[in-house]
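J.: With the sequence up front, the predicted model follows.
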Amino acid sequence: MRELFNAFDDTWIVDGLRTPQVDYQGAFADANPIDLGIKAGRALLARTGVEAARIDAVLAGNMAPGGFDQFYVARHIGLYCGVPLEVPALALQRICGTGFELFRQAGMQLASGGERVLLVGTESMTRNPIAAFDHRGGFRLGAPIGFKDYMWEALTDPATGVSMIRTAENLAQRYGITRAQVDAFASRSFARAVAAQADGWFDDEIVAVRSERFELDGYRPRGIRLAGRVEVVERDTHPRPSSPEVLARLRPVYEDGVQTGGNSSALTDAAAAALVARGSALDGRRPLARLAAVTVAGVPPEIMGIGPAPAIRALLQRSGLALGDIARFEVNEAQGAQTLAVARELGLDEERLNVHGGAIALGHPLAATGVRLTITLARQLRAAGARWGVAAACIGGGQGIALLVENTEAAMSAAHGRSEAALSSLGEPSVARRVVQ
């Protein structure tokens, strides 16, 4: 096998939260992704009660520039969250897998000696620039003007000349996936997200965002200014009832294709943060989950969307687990056909897949997505009393990444039950309770 695999024994997700995911050109239109990341990071530290002075490293992910200061994304997030000046920061990216890569890097940093890592994934799809790379030497008379839409151009892989949507179409053809099936899947994603919102499921992982100023002694202030007359954003803005009949009316991106604007991931802006620590640094806190392992695999660029399948397969094989051991899967819905192809390739039970909706309904702010999926997954395991969960994403260029999370409380509960049963057969249930305790 050629995939990357990292297993972690003492890496704990203390907690995580995120901003709402806001539609393209919405209330976050004027918000620099650095400032969205600062908001998420500050709110997380406040909720956990962990002092910023005790953070040993800062990791941040961001794909497209949302301002001229993108070079400073990780450093400024750390500093304006109150992390000491001497603590280093690292910016990284693995395209749509960036949020998961943050967890992988955090686990490796803790293994090499750190105790607490603050990680933040942040993205403004709205503020992707209109850019030019050809005019440093000036404009020649009559020469073409090279300004292009940064995000639109990035959606086509220049190695193959194939767009990300076309890669999903390739998978639809390969796996016999129809337009009706993709629309039905998208409709269910919307329905699940709408139901989760109505039930308040996402409330505990979302921090409300207002226009706000971030001060840092001795340095210039930063801040968030919401667009228009919006005073506060408290929930994701894209989920809405979307029946298959309504989705069927949308024109496909390619003639006779299955992918439309309604069954592909939504464009949203957001940031998500998590605190990862060694067990010795939990200080009596109840962690959200344990990070058990991460796998990254490569696939052909023209079918990049299948990437989660080999990554998940290798992750389970290397971890000694089977599909049946996994209670919940969160697979990023880059495109509906792509996610269905992964489910068919692996034989996933769709009742355990994206149970509160996915990126079709909630959006896909690139670098923030993996952090959001991991937080959501860990919360699902706790709520269901289940032990194992897997979150994964495809990656443009032909990769897949998958992360294994353990709810150790479920593991201890199962061990308790086995001990009680074994010793009960000996007529000593009180001894069993003492052993487990």
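T.: Looks like it arrived, so ask away.

J.: could you show me where the helices are in the chain, in order?
T.: Using DSSP state H, the helices found in the chain span residues 33-48, 73-80, 98-111, 150-154, 164-175, 179-199, 244-248, 308-319, 336-346, 359-362, 366-384, 408-424, 429-436.

J.: okay, those, which one's buried deepest?
T.: Compared across the helices of the chain, helix 359-362 shows the largest average neighbour count, a mean of 30 (mean count of other Cβ atoms under 10 Å). No exception for glycine: its C-beta is placed from N, CA and C like everyone else's.

J.: what residues does it touch?
T.: Residues outside helix 359-362 that contact it (Cβ atoms under 8 Å, 6 or more residues apart in numbering) are 21, 185-186, 189-190, 192-194, 236, 238-239, 242, 262-266, 268, 332-334, 336, 369, 372.

J.: And stretch 31-40, by the same measure?
T.: 17-19, 28, 60, 62, 66-67, 69-70, 72-73, 76-77, 80-81, 120-124, 127, 207, 209, 212, 214, 222-227, 269-273.

J.: Can you say which of the residues you listed are buried?
T.: Among the contacts of stretch 31-40, those buried by neighbour count (16 or more other Cβ atoms under 10 Å) are 17-19, 28, 60, 62, 66, 70, 72-73, 76-77, 80-81, 120-124, 127, 207, 209, 214, 222, 224, 226, 269-273.

J.: From those, which land in strands?
T.: Mapping the buried ones among the contacts of stretch 31-40 onto strands (DSSP state E) picks out 17-18, 60, 120-123, 209, 214, 222, 224, 269-273.

J.: which one is the residue positioned nearest the centre of the chain nearest to, not counting chain neighbours?
T.: Nearest to the geometric centre of the chain sits residue 370, at 1.8 Å (Cα atoms, centre = their mean). Spatially, and ignoring its direct neighbours in sequence, residue 370 is nearest to residue 99 (2.3 Å; Cβ to Cβ, 6 or more residues apart in numbering).

J.: low pLDDT regions in the stretch 251-400 of the chain?
T.: Scanning the stretch 251-400 of the chain for pLDDT under 70 picks out no residues.

J.: scratch that, the stretch 1-150 of the chain
T.: Ranges of the stretch 1-150 of the chain meeting pLDDT under 70: 1.

J.: cutoff 90 now
T.: 1-2, 140, 143 (pLDDT under 90).

J.: give me every residue that touches the closest residue in space to residue 356 that isn't next to it in sequence.
T.: Distance criterion Cβ to Cβ, 6+ apart; nearest residue to residue 356, sequence neighbours excluded, is residue 196 at 4.0 Å. By Cβ under 8 Å, 6+ apart, the contact list for residue 196 reads 202, 356-357.

J.: what does residue 91 give?
T.: Contacts of residue 91 by Cβ under 8 Å, 6+ apart are 60-62, 73-75.

J.: From residue 296, how far out is it?
T.: 18 Å (Cβ to Cβ, to the nearest Å).

J.: try residue 21
T.: 25 Å.

J.: Between the two, tell me which one has more neighbours.
T.: Shown here are residue 21 and residue 296; by other Cβ atoms under 10 Å, residue 21 has more neighbours (33 against 24).

J.: Settle this for me: the more buried one is touching residue 268, isn't it.
T.: Yes - applying Cβ atoms under 8 Å, one finds residue 21 in contact with residue 268, separated by 4.1 Å.

J.: between these two, what contacts are shared?
T.: Common neighbours of residue 21 and residue 268 (Cβ under 8 Å, 6+ apart) are 236-238, 362-363, 365.

J.: Name the member of these with the most neighbours.
T.: Most surrounded of those: other Cβ under 10 Å gives residue 365, at 35 neighbours.

J.: For that residue, which residues are in contact?
T.: 21, 122-125, 268-271.

J.: partners of the residue lying closest to it once chain neighbours are set aside in the sheet?
T.: Closest residue to residue 365 apart from its sequence neighbours, by Cβ to Cβ, 6+ apart: residue 123 at 3.8 Å. Legend: beta-bridge partners of residue 123 under DSSP bridges are residue 270.

J.: Quick check, residue 123 in contact with residue 64.
T.: Yes - Residue 123 sits in contact with residue 64 when judged by Cβ under 8 Å, with a separation of 7.2 Å.

J.: Return every residue with contacts to both of those two.
T.: residue 366.

J.: so residue 413 touches residue 386, yeah?
T.: No - using Cβ under 8 Å as the test, residue 413 is too far from residue 386 to be in contact (10.3 Å).

J.: Residue 166 versus residue 345, what's the distance?
T.: Counting by Cβ to Cβ, the gap from residue 345 to residue 166 is 19 Å.
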